[in-house]
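Visitor: Sequence first, predicted coordinates after that:
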Amino acid sequence: MTETSPTSQTSQRFREFKMPDVGEGLTEAEILKWYVKPGDTVTDGQVVCEVETAKAAVELPIPYDGVVHELRFGEGVTVDVGQVIITVDVAPGTALPAAAPEPVVAEAAPEAEAPKGRTPVLVGYGVSEASTKRRPRKGNGTAVPEQAQPAQQVAAAIQAEMNGHGASAGTPAGSRPLAKPPVRKLAKDLGIDLATITPTGPDGIVTRDDVHAAVVVAPQVRPAAEPVAATPVVVDANSIARETRTPIKGVRKAIATAMVNSAFTAPHVTEFVTFDVTRTMKLVEELKADKDMTGLRVNPLLLISKALLVAIRRNPDVNAAWDEANQEIVHKSYVNLGIAAATPRGLIVPNIKDAHAKTLPELAASLGELVTTARDGKTSPAAMQGGTVTITNVGVFGIDTGTPILNLGESAILAVGAIKLQPWVHKGKVKPRQVTTLALSFDHRLVDGELGSRVLADVAAILEQPKRLITWA
């Protein structure tokens, strides 16, 4: 009959939950908040904590029933994927198994006494401890008067301060420091007294690095001058609070890495177009009153998104990606439309899967869900993967336009500027019209200037004449 050891029973009772990889290839996550504490009862599937990865904030459910035994990390700590973050007692109230008594081992017969002062090794005995000590060097034969020794010690101390080292604890005053001939010559050439250097080599030997270190420090010290009254250093208490340092981690770290990689990998080209969107703004107001759009988010971004999708259908080569590893251009027959969203944790770009296949009401519903989820900080890592083209709406901040950086792995990004009432020539007369500016950045490795210009021109043409959403689609 096979018996279960107490250690095995304990490991089965206390189950460990490790930090999972909540995204593709993520290596770490920061614990934002614990929802439980030791002693709390938990059930399978209950959310126990919220973590922030390089892509989003994610809630983690526990896969066990039981009582929380231990939280391994506190809030604000970054934990590597695979590390245990919480242990759960799955059999609370059960007494722990008694530890097995240690086996009694018969006392071995004493071995032959080793030679005194020698250390046993695998074969025979090693050398005695005393034999490893360096033989004391002979003195230089010159007697030093006792009254002269304090003066020499003071001189050595002063030289030590000039060299930036204290006197070596292992080198008594008046004794000759240990150093190899080349090191002695180097110290002599550089004007460094070996007695003032703290040796770092084995057995208290001064090394070349010790000498060089003394040379580096020595020029920083000036000869002693007449004592001068010390000038008090006045520290402005307010200056301490004028700067705050924040660790680079989580979403901010991911944004920085992606932007640097994109900016210095893909050659960016940005084109601009300014045009009249008065008809589009009228259509937005009409759609808000349409019963088929009741309860849906209807705004200019909805029609701009639809216009971009139509432009991509007319110019499908823009919807591609550059595969550097395989030296291929990947053409995509689907559009996962990314929408840049500003959140309290930073910029994220979730995308609408298969946006090209959605009707206008479906696209409106997807946009509303995407924005709400992003603002609540509940966007999943999966929602931010696989994007093909992105829209960033800087107009909501009153900005006319910009030069957006491509989302890493995508070929184009459209920046939407503010829509403003401006004087505009319409039907031969200057009239106040709703005007905006679009900017399209694209990867010039796979998108030529002609193709990028056609895409941007098509988007503008559709928004000038929204009926093209029907005729061109």
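Guide: That came through fine.
Visitor: do you know how far residue 435 is from residue 278?
Guide: The spacing between residue 435 and residue 278, counted by C-beta to C-beta, to the nearest Å, is 8 Å. Placement of C-beta: from N, CA and C, glycine included.
Visitor: Equivalent analysis for residue 248, please.
Guide: Going from residue 248 to residue 278 by C-beta to C-beta gives 45 Å.
Visitor: More neighbours: which of these two?
Guide: For residue 248 versus residue 278, the count of surrounding residues by other C-beta atoms under 10 Å is larger for residue 278: 18 against 10.
Visitor: ranges for the helices of this protein?
Guide: In the chain, the segments counted as helices under DSSP state H are 6-13, 148-163, 181-190, 208-217, 237-240, 250-263, 278-288, 300-314, 360-375, 449-464, 468-471.
Visitor: and the angle for the fourth one with helix 181-190?
Guide: Inter-element angle recorded for helix 208-217 and helix 181-190: 10 degrees (by axes from the mean of the first three to the mean of the last three C-alpha atoms, to 10 degrees).
Visitor: for helix 208-217, which positions count as buried?
Guide: 210-211, 213-214 (16 or more other C-beta atoms under 10 Å).
Visitor: ok, the residues you listed vs residue 340, which is closest?
Guide: residue 213 (52.0 Å; C-beta to C-beta).
Visitor: Can you list the low-confidence ranges for the stretch 201-350 of the chain?
Guide: Across the stretch 201-350 of the chain, residues meeting the criterion (pLDDT under 70) sit at 215-240.
Visitor: Please verify my assumption that residue 371 contacts residue 297.
Guide: Yes: because the distance of 7.2 Å satisfies C-beta atoms under 8 Å, residue 371 is recorded as touching residue 297.
Visitor: okay, the strand of greatest length in the chain in PDB with CA atoms only?
Guide: With secondary structure taken from DSSP state E, the chain has its longest strand at strand 429-443. In PDB, the C-alpha atoms belonging to strand 429-443 read as follows (Å, rounded to 0.1, in the frame of the first residue of the first chain):
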ATOM      1  CA  LYS A 429     -19.800  82.500 -53.100                       C
ATOM      2  CA  VAL A 430     -18.000  82.800 -49.800                       C
ATOM      3  CA  LYS A 431     -20.200  81.200 -47.100                       C
ATOM      4  CA  PRO A 432     -19.700  79.800 -43.600                       C
ATOM      5  CA  ARG A 433     -19.200  76.100 -43.900                       C
ATOM      6  CA  GLN A 434     -18.200  73.200 -41.700                       C
ATOM      7  CA  VAL A 435     -14.500  72.500 -42.600                       C
ATOM      8  CA  THR A 436     -12.000  69.900 -41.300                       C
ATOM      9  CA  THR A 437      -8.500  68.600 -42.100                       C
ATOM     10  CA  LEU A 438      -7.500  65.000 -42.400                       C
ATOM     11  CA  ALA A 439      -4.000  63.700 -42.300                       C
ATOM     12  CA  LEU A 440      -3.000  60.200 -43.500                       C
ATOM     13  CA  SER A 441       0.300  58.700 -42.500                       C
ATOM     14  CA  PHE A 442       1.400  55.600 -44.300                       C
ATOM     15  CA  ASP A 443       4.300  53.100 -44.600                       C
END
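Visitor: Who does it pair with, and is each partner parallel or antiparallel?
Guide: strand 268-276 (antiparallel), strand 412-416 (antiparallel), strand 420-426 (antiparallel) (DSSP bridges).
Visitor: Fine by me, thanks again.
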